[in-house]
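Engineer: Need the 3D shape of this:
(4 chains)
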Amino acid sequence: MIDVLYFAWVRERIGLPREQVETRATTVAELVEELRAREERYALAFADLKALRVAVDQDLTDFDAPLAGAREVAFFPPMTGG
Amino acid sequence: MIDVLYFAWVRERIGLPREQVETRATTVAELVEELRAREERYALAFADLKALRVAVDQDLTDFDAPLAGAREVAFFPPMTGG
Amino acid sequence: MRIVVQEPPFDLGAEAAAFATGRRDMGAIVTFSGVVRDDPAKPLRQMVIEHYPGMTERALHKIAAEAQARWSLGDVLVIHRFGAMHPGEMIMMVATAAKHRKDAFEAAEYLMDYLKSRAPFWKKELAADGESWVAARDEDEDALSRW
Amino acid sequence: MRIVVQEPPFDLGAEAAAFATGRRDMGAIVTFSGVVRDDPAKPLRQMVIEHYPGMTERALHKIAAEAQARWSLGDVLVIHRFGAMHPGEMIMMVATAAKHRKDAFEAAEYLMDYLKSRAPFWKKELAADGESWVAARDEDEDALSRW
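Structural biologist: So this is what the prediction gives:
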C-alpha cells in the first residue's frame, strides 16, 4: 500500500487529494500506467507527463524513480510559488 | 572667486572644510597647481591626484575639466558610502 | 535559519526589523517580498495558494541550507503563505544577512529562483471570468541554470 | 522616488512596510540595508560618515533616476545617514518595487553599486587604537563595469 497524493489541477481532474493504492509497480512510471488504466479521469490527468512533476517521499524525482520502500508518491504540475 | 571645498582626509590635511580662492586657473588641474604652490599642507594633500576625486558645481568630473563659470570645486578621496 | 509556512498574513516591517536588528557582525541585509499583483486589464478577485504540507517545509529547508553552503551568510529567513489572499497582500518574503552585499544579494536571488520552481506551491487566480491555475514560466525554469 | 539624507536613525521596519504597502500593481519588492559592522578582532567604537550636502542629494537623485530609466520600476527609495553611529546601527537602505523580481533585484544592486562609489559619502572608523578613513575597495569600482 502506498499513499498517492494529487495537487492543483491534477487533484481537480482526478477529483480527490489523496488515496491509498495497492500496487506492485516498481517505478513511478509503472504506477502511472496502473492509474491511467483505472478510469478516464486518471487517463486525462496523466495524459502528458511532461506537464507533471513527481515527488517520492516528499523529494522531487523522475518518473523512472524506483518505488521500493516508498510510502508516499505525489503528482502535481510544475510549481509556481514565490 | 571660486568656492573650494575639501572632504574627508583632504579636509584634514589642509585643515579647513572650505575657502574662497581668487584664481585665474582655467582648468581644475591649473587650480591644483596653484594650491600646491601655496603651502606644504596643500602640496601634501594634492601629492597624488590618482588618490583624489573632484566635483565641479557638485558634479563629478576630471582634473582636466574647464573652470569657466564654475562657482564651486570640491576635492575629496574616492567615496565610501553604502 | 528560520522557515515559516503559514496561512495568516505576516508583518513585513516587523519581520524585516527583527531580522536586521543587532547584527553587528553582518553589514548587509537583503529582503525580497512578493505581493499579489492585480492586472487592471483583468481584475483579480483572489489568489489561492495550494501547497504540500510536509514537503513544503522540507523543500524550503533544503533550499535555504544550500544557500548557506554556497554563500557566507549570517542568517536566512523564509516566510511563505498559503490559502486565499487579495491583490496587494503579501504572499511571501525572504531575507538574507551577510558581511558583504554581494553574498546577501546573490543568496536572496538564489532563494527566490529555487523557491519559485522547486518548492511545492501552486497559485490559482480567481477572476470575474473564472478561475485558472497559474502556468509555470519557462524563464523561471531557465533562471535556475545560472546557479 | 524618495531620497532622504539625514543624521538621525530611521526605522527599517516602518520604511519597508510603508514602501511595500498597497502596491497592487507591483509584485516584487527588494530592500537592501547596510549596518555598521564590528570586527571582533578590532572592535569599533564608532563610525562617522561625512558627506557633501547638496551634492549628496543631487548624486542620489541622479543614480535613482538612472535606475528608473534602465528598469521598469514602480518606485525607488533611498535613505542614507551621515554623522556618528555605533556598531549594529543602520547606515542606509534602498528599496525597489517592480512587476517582476529580476527588475527589482537588478535595480537594487545597481543603486548600491553606484551609491557605494559615486555618492559623496566618506566613512571614518573610530577604534580603540585610533581613527582611520575607510579606503575605497577596487572591487567596488570594478562592480560598476557590469552595468
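
Engineer: For chain C, just list every one of the strands.
Structural biologist: According to DSSP state E, chain C carries its strands in the segments C:2-6, C:28-35, C:44-51, C:73-81, C:83-85, C:90-98, C:121-127, C:130-133.

Engineer: Tabulate these (TSV), appending distance to chain A.
Structural biologist: C-beta coordinates here come from the backbone N, C-alpha and C atoms, glycine included. Shown next, in TSV, are the strands of chain C (distance: least, C-beta to the nearest C-beta, whole Å):
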stretch	distance to chain A
strand C:2-6	10
strand C:28-35	6
strand C:44-51	6
strand C:73-81	7
strand C:83-85	13
strand C:90-98	6
strand C:121-127	3
strand C:130-133	5
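
Engineer: can you tell me which of these comes nearest to D:Gly27?
Structural biologist: strand C:28-35 (5.4 Å; C-beta to C-beta).

Engineer: Check whether the closest one comes near chain D.
Structural biologist: Yes. Contact of strand C:28-35 with chain D (C-beta under 8 Å from any C-beta of the partner chain) involves C:28-35.

Engineer: what angle sits between that strand and strand C:90-98?
Structural biologist: 170 degrees (axes from the mean of the first three to the mean of the last three C-alpha atoms, to 10 degrees).

Engineer: Output strand C:28-35 as CSV, nothing but the C-alphas.
Structural biologist: Extracted in CSV, the C-alpha atoms of strand C:28-35 (Å, rounded to 0.1, in the frame of the first residue of the first chain):
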residue,chain,number,x,y,z
ALA,C,28,24.4,43.7,4.5
ILE,C,29,20.7,42.7,4.8
VAL,C,30,18.6,42.0,1.7
THR,C,31,14.9,41.3,1.7
PHE,C,32,12.6,40.3,-1.1
SER,C,33,8.8,40.3,-0.7
GLY,C,34,6.2,39.1,-3.2
VAL,C,35,2.8,40.8,-3.4
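
Engineer: Give me the helices and strands touching it, please.
Structural biologist: helix C:12-20, strand C:90-98, helix C:101-118, helix D:12-20, strand D:28-35, helix D:101-118 (3 or more C-beta pairs under 8 Å, 6 or more residues apart in numbering or on different chains; DSSP states H and E).

Engineer: out of the ones you listed, nearest to A:Ala65?
Structural biologist: Of all those, helix C:101-118 comes closest under C-beta to C-beta, at 16.3 Å.

Engineer: What residues does chain C have near chain B?
Structural biologist: Within chain C, the residues that sit near chain B (C-beta under 8 Å from any C-beta) are C:Arg101.

Engineer: Stretch C:72-90 and chain D, are they touching?
Structural biologist: Yes. If you take C-beta under 8 Å from any C-beta as the test, stretch C:72-90 does meet chain D, through C:87-88, C:90.

Engineer: How many residues are close by residue 80?
Structural biologist: Chain wasn't specified; assuming chain A. 21 (other C-beta atoms under 10 Å in any protein chain shown).

Engineer: Actually, chain C is the one I wanted.
Structural biologist: Counted with other C-beta under 10 Å, the neighbours of C:His80 add up to 24.
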